[in-house]
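Asker: Provided below are the primary sequence and the corresponding predicted coordinates.
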Amino acid sequence: MISDSFKVIKPGACSLLEDEGRFGYQHFGITTGGAMDETAARWANRLLGNSSNAVLLEITLGNVQLEATADTWIALTGADLGLRINGEKKSNWQSHFVQQGDLVSMGWAVMGVSSYLAVVGGFQLKSDFGSCSTVKREQLGGLTGNALEAGDELHFSSVPKSYFTCSRAVPSRYIPDYSDSVILRVVKGYQVEQFPEISVQKFFASSYKVSSESDRMGFRLQGEAIETGVSGLLSEGIAYGAIQIPADGQPIVLLKDRQTLGGYPKIGSVLPLDSYKLSQCRAGSEVTFKEVSLKEAQQLMQTFQRFFSKST
Amino acid sequence: MQPKIEVAGVNSLLVRFSDQVDRSLITYIGRFCEKLKQDFADHLVDLIPSYTTVLVTYDLLKTSDAQVRDQLTSLLIDLEKEQKEGALSQVSARCITLPVCYDRIYAPDIVELSKQLQLDIDEIIQLHSAQRYQVYAVGFSPGFGYLGELDARLRVSRLATPRTQVPAGSVAIAELNTAVYPQETPGGWWLIGRCPIPMFDKTREQPCLFSAGDEVIFEPISTVEYKRLQQ
């Protein structure tokens, strides 16, 4: 029953089918992947009563047009793309009914980087290693291991308008503002003890700019160079949000498509909630760091995960 | 051995067994990962074993930092006891032979390398294929194995400027290691040959050709043989 679909008219610059990620295979060298901004992605699924792992479309910068071949409800969150259904303007961070034959159009994002388009029940496709997350470098997930192309079909199980009594919206207090500069809370890691104290102070006192050479693997930052005094490390596993300091002293925050092993010194790792925010930052955005205790960081993440694991 | 448990992230701990590469450590780490998977499967999200460390990522909704630390500590004590009693069961290591064509067309760096190392090309091939390597770690990209250790005469630092694209199957060396690039990726190692067998194939029951602890031997083959095996 999954011949119902969205036909891709315009695929956008880089639109990827994603879920929460591919876990349990990092010992093969397979990265986790997964939605870059989990906050926006989880809201999109929540608006439709989906599981938080339902497959949705991560749209980078926009310019996507889809044609519905069946009825369903959709939700769009993240960077505002000026969503239109058959030319009629619709709100971001909200669910909308889409009828067979409707044209769903999204323009370019003015602020922020990623938007998330969810459909009731999630998009239906075959998984690789337990996940549908697309990782282009590994040719895993998605329809073909690649970004969407014109002519692709995104399958779903159709639901009628009566599936919901009304449209649902994210309460405004939860809608983030992507124009702000971000403060990244950092859980200090084990190697920090080997860093000169002055370097650690400099790191927390400086502000950095997001480099244009940032992608799903990691965000490169430019600013005060940090001397680590650490060299010749053996490659070791890399945690999500790890802040790696290579020889040039410019920090790199490693994100969803990070390599599994690396040998650069790490000052700590960014609180996942803040890594999601970082992923919405454009080149030139200002980033500063602030320490957070492990205990507080764990409580914040537990609250986030519990909130989104509750059924709605 | 006194392993250390260190914070790596909000839900990750790094277990550090040593600061030095040690061949026997790979078996020990392999056994540690096996036990960890048996005992705490539902709390674990991911495990990344490497040369001297294992990154343990856990589910924050099912366990906590303190609980994982306690579990890791008691597991490490058990493991130490097992080893002292000589009861450390062997991780099932295999020996895999990989054919390599060292022909110049597949070895863009071999001429420069022979100058730098002051060895004939034949000597490089001979030294590279005479060794029995151990898989120290799998990672970086799917199926990429860090194989060690290279003969001391073949040791060379990484290329000053990494290539933006290394062809899949390239056999490469750098520092203590040799490896076969499973996919076309960027890379900074010296390319000295090409292997026709895919290192990673998601359709195979065992997608990676080898895992940490296995042994690898390289067998020189001709260009004709390479092309035949590639089909």
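Answerer: Cool, got the structure. Residues are numbered from 1 along each chain as shown, chains lettered A, B, ... in the order given.
Asker: quick one: terminal-to-terminal distance for stretch A:144-154?
Answerer: One end of stretch A:144-154 sits 12 Å from the other (CA to CA, to the nearest Å).
Asker: That one: which residues count as buried?
Answerer: A:147-148, A:152-154 (16 or more other CB atoms under 10 Å in any protein chain shown). All C-beta spots, glycine's among them, are computed from the backbone N, C-alpha and C.
Asker: Partner strands of the helix or strand of chain B with the lowest mean pLDDT, with direction?
Answerer: Ranked by mean pLDDT, DSSP states H and E, the helix or strand of chain B with the weakest confidence is strand B:185-187, at a mean of 85. According to DSSP bridges, strand B:185-187 forms sheet pairs with strand B:163-166 (antiparallel).
Asker: same question for the strand it pairs with, mean pLDDT?
Answerer: For strand B:163-166, the mean per-residue pLDDT is 89.
Asker: and if you look at stretch A:204-219?
Answerer: Averaging pLDDT along stretch A:204-219 gives 95.
Asker: How far away from the center of its chain is the helix ranked longest in chain B?
Answerer: Longest helix in chain B by number of residues (criterion: DSSP state H): helix B:65-84. The chain centroid and the centroid of helix B:65-84 are separated by 25 Å under CA atoms, centre = their mean, to the nearest Å.
Asker: I'd like to know which elements the helix or strand following that helix is packed against.
Answerer: In the C-terminal direction, the helix or strand that comes right after helix B:65-84 (DSSP states H and E) is strand B:95-101. For strand B:95-101, the contact count by 3 or more CB pairs under 8 Å, 6 or more residues apart in numbering or on different chains; DSSP states H and E identifies strand B:190-194, strand B:215-221, helix B:223-230 as packing neighbours.
Asker: Figure out which of these is closest to chain A.
Answerer: Chain A lies closest, by CB to the nearest CB, to one member of these: strand B:215-221, at 15.6 Å.
Asker: Tell me which residues of the closest one come out buried.
Answerer: Buried residues in strand B:215-221 (16+ other CB under 10 Å): B:216, B:218, B:220-221.
Asker: Let me have the residues you listed in TSV, extended by distance to residue B:64.
Answerer: Formatted as TSV, the buried residues of strand B:215-221 follow (distance: CB to CB, whole Å):
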residue	distance to residue B:64
B:216	40
B:218	46
B:220	53
B:221	53
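Asker: Contacting chain A as well, which ones from the residues you listed?
Answerer: When CB under 8 Å from any CB of the partner chain is applied, no member of the buried residues of strand B:215-221 is adjacent to chain A.
Asker: measure the most centrally placed residue in chain A to residue A:240 for me?
Answerer: In chain A, the residue lying closest to the centroid (CA atoms, centre = their mean) is residue A:36, at 1.4 Å. Distance of residue A:36 to residue A:240, given as CB to CB, to the nearest Å: 11 Å.
Asker: And residue B:19, by the same measure?
Answerer: Here residue B:19 is placed at a distance of 25 Å from residue A:240 (CB to CB).
Asker: repeat for residue A:254
Answerer: 7 Å.
Asker: one step back: could you pull out the residues contacting both of residue A:36 and residue A:240?
Answerer: A:255-256 (CB atoms under 8 Å, 6 or more residues apart in numbering or on different chains).
Asker: can you count the residues close to residue A:253?
Answerer: 27 (other CB atoms under 10 Å in any protein chain shown).
Asker: so what's it up against?
Answerer: A:184, A:218-219, A:221, A:241-244, A:270, A:275, A:278.
Asker: Among these, which ones are in strands?
Answerer: A:184, A:218-219, A:221, A:242-244, A:270 (DSSP state E).
Asker: Render the CA-only coordinates of stretch A:86-96 in CSV, please.
Answerer: Provided in CSV are the C-alpha atoms of stretch A:86-96 (Å, rounded to 0.1, in the frame of the first residue of the first chain):
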residue,chain,number,x,y,z
ASN,A,86,-0.8,25.2,-4.3
GLY,A,87,0.6,28.7,-4.1
GLU,A,88,-1.2,29.5,-0.8
LYS,A,89,1.2,30.6,2.0
LYS,A,90,1.4,28.2,5.0
SER,A,91,3.1,28.5,8.4
ASN,A,92,6.3,26.9,9.4
TRP,A,93,6.4,24.9,12.6
GLN,A,94,2.9,23.6,11.9
SER,A,95,1.1,20.6,10.4
HIS,A,96,-1.0,20.9,7.2
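Asker: helix/strand/coil for residue B:111?
Answerer: Put simply, residue B:111 is helix when judged by DSSP: H, G, I helix; E, B strand; the rest coil.
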